[in-house]
Each structure stands twice: as structure tokens, then as C-alpha cells.
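>>> generate coordinates for the sequence data below:
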Amino acid sequence: MLGGEGVKWPEDMTGKNIVGISSGWAFVEADVDLSNGTGPLSDPIFGGSDVGSSTTDLDPVFGIGLKYQRYLTNNWMVGVILEHRIFDPEATRPLGADVDIDDFGTNHIILDARYQFDPIDKAERFRPFVGVQFGYVPEVSADGETRYDAIGPLGIGATTEELSLEGDSFFTLGFVAGGSYLLRESMTLDLGIFYEYALDPTEDQLTLQPYPNNPPLNGASTFDGELLESGIYLSAGLSWAF
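As a prediction, this is how the structure comes out:
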């Protein structure tokens, strides 16, 4: 039996501090919207458009979280969580070209408030919890490439162009549920599931020029880009109380 026989939660956790580390898995997607297009790629004469949209899956690569929490009462706790998440977006096509973004990482600063129920098992080792999380992401930085189709009538072959995204900051809101199992005195295994969505998109202006030596498409095109994330996260970690 983990932690030895007779280990159970203290009757009152008020004033206790918690530190922990966690990782997990994610099922996340992002809505991509391009608007206010200018230049040849936005011209309908050449098969372009000044707007475009698509949805892509953000496949998880790695994630780690560090947390600090404090019990205000035996049931209510607040804290802060620092997370680093790495995603590999699937190729998407918001305009008439395939956009393939490389793996990219984001940092999340999360304010966490949760209610932890009293132990529900006979051994008094398992305490479920529910909570709300308000997050801030300072920036989104990613590189990739755009693959353009050939334009037969103009005698232009398929081409690729390097792409760089520098999205601005955005806020998130999440709802979490899970439980903490007491492995041994002052040490718990924490399992959780939470849904998180961006309250506002990360934004950047894209400048594209895939046909620099092929008039009449050799001018630069610009688009205002937005990316809005949402998804479900699964987490597992260890916590220590002091």
C-alpha cells in the first residue's frame, strides 16, 4: 500500500503551502482567420481573396507545469501555475496555399482558484476538486513555410516561402476538475482534466511574397492574422505540502 498503512489527510489544511510539478496531454485546436488582405494574393483576378479562414489541430509535443498554492481554508485554495507547452500544428489552408507551422512553444501564467472537497473514500486519502483558471500568454512565436500551387495560365510553377509569426499576448479562461490522492504524508498524486479557451486571439500582420520574380504577382501581399485556441487538457503530477 502506497505511503504505508494509516496515512490520511489532516483534518485541517488551512495555511498549508503546496508546490508541485505536472505534465500531461492535450486535445487542442486553433481557428485561423486572415482579413484585410492587400496585394496580388488578395486579388480575385489571380484567384486570390482578401479574407480566409481554417481550423487546425495543435498536436501536443511536450508540456510541463510548476505550481504554488495555498490553502485559505481547509477547502478553498488559490495559487499560480507556470506552464510551458509545445505544439506541432497540422498543416492548414486558410487561403489558396498550405501553411505548415513548425513546432512552437508558449508560456502560460495561470491564476488558479479551486475548491477541494473533504475525503470521499473510507481511507480518507482521496480529495476531489473543482476550480477556475485565468491565464495570460505573453506572446506566440513560430516559424514555418507556405506552399503555393502552380499557376498554369501565367506559367508559374509551385513555390514555397518561409513564414514567421509573432503573435501578441492574449488571455485564457479554464475550468478544471480532478482529485488528489495522498501517497504518503505531505505528498499527493494529482490527476486533472480542464477545458481552456482563449478570451481573445493572438494577432500578427503577415507579409507574403511568393513570386518575387514573376510579374504581375511579384508585389508583396499583407494580411491581418488571428489565431484563437481552445481545447481539453489532461494532467498528472506530484505535489508536496509544507
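>>> only C-alpha atoms for contact and neighbour calcs from this point on.
Will do.
>>> Lys67 is in contact with Gly79, correct?
Yes - with contact defined as CA atoms under 8 Å, Gly79 counts as touching Lys67 (7.2 Å).
>>> which parts of the protein are strands?
Assigned by DSSP state E, the chain shows strands spanning 17-38, 52-71, 76-89, 92-95, 97-101, 104-116, 126-137, 140-148, 159-167, 170-184, 187-198, 202-208, 221-241.
>>> neighbours of the closest residue to Gly192 other than its chain neighbours, how many?
Once flanking residues are discounted, Gly192 sits nearest to Gly178: 4.1 Å by CA to CA, 6 or more residues apart in numbering. Around Gly178 sit 18 other residues, with neighbours defined as other CA atoms under 10 Å.
>>> for Leu58, see how far away Gly178 is.
As judged by CA to CA, to the nearest Å, Gly178 and Leu58 stand 24 Å apart.
>>> again, but for Ile193
17 Å.
>>> next: Gly39.
From Gly39 over to Leu58 (counting by CA to CA), the distance is 30 Å.
>>> ok, those two, which is more surrounded?
Using other CA under 10 Å as the criterion, Gly39 and Leu58 rank with Leu58 on top: 22 against 19.
>>> number of nearby residues for the closest residue to Phe175 other than its chain neighbours?
Excluding the flanking residues, the one nearest Phe175 by CA to CA, 6+ apart is Val132, at 4.6 Å. Using other CA under 10 Å, Val132 has 19 other residues around it.
>>> Val132 contacts Ile110, doesn't it?
No - using CA under 8 Å, Val132 makes no contact with Ile110, being 9.9 Å away.
>>> please save the CA atoms from stretch 172-191 in CSV.
Below are the C-alpha coordinates for stretch 172-191, written out as CSV (Å, rounded to 0.1, in the frame of the first residue of the first chain):
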residue,chain,number,x,y,z
THR,A,172,-7.4,32.5,-21.4
LEU,A,173,-10.2,31.1,-19.2
GLY,A,174,-10.3,27.5,-18.0
PHE,A,175,-12.3,25.1,-15.8
VAL,A,176,-10.7,22.2,-14.0
ALA,A,177,-11.8,19.1,-12.2
GLY,A,178,-9.9,16.2,-10.7
GLY,A,179,-8.6,14.7,-7.5
SER,A,180,-5.6,14.4,-5.2
TYR,A,181,-4.6,11.1,-3.7
LEU,A,182,-2.4,11.0,-0.6
LEU,A,183,0.6,8.8,-1.5
ARG,A,184,2.3,9.4,1.8
GLU,A,185,2.4,12.1,4.4
SER,A,186,2.5,15.6,2.7
MET,A,187,2.8,14.1,-0.8
THR,A,188,-0.1,13.6,-3.3
LEU,A,189,-0.7,12.3,-6.8
ASP,A,190,-2.8,14.9,-8.7
LEU,A,191,-4.9,14.0,-11.7
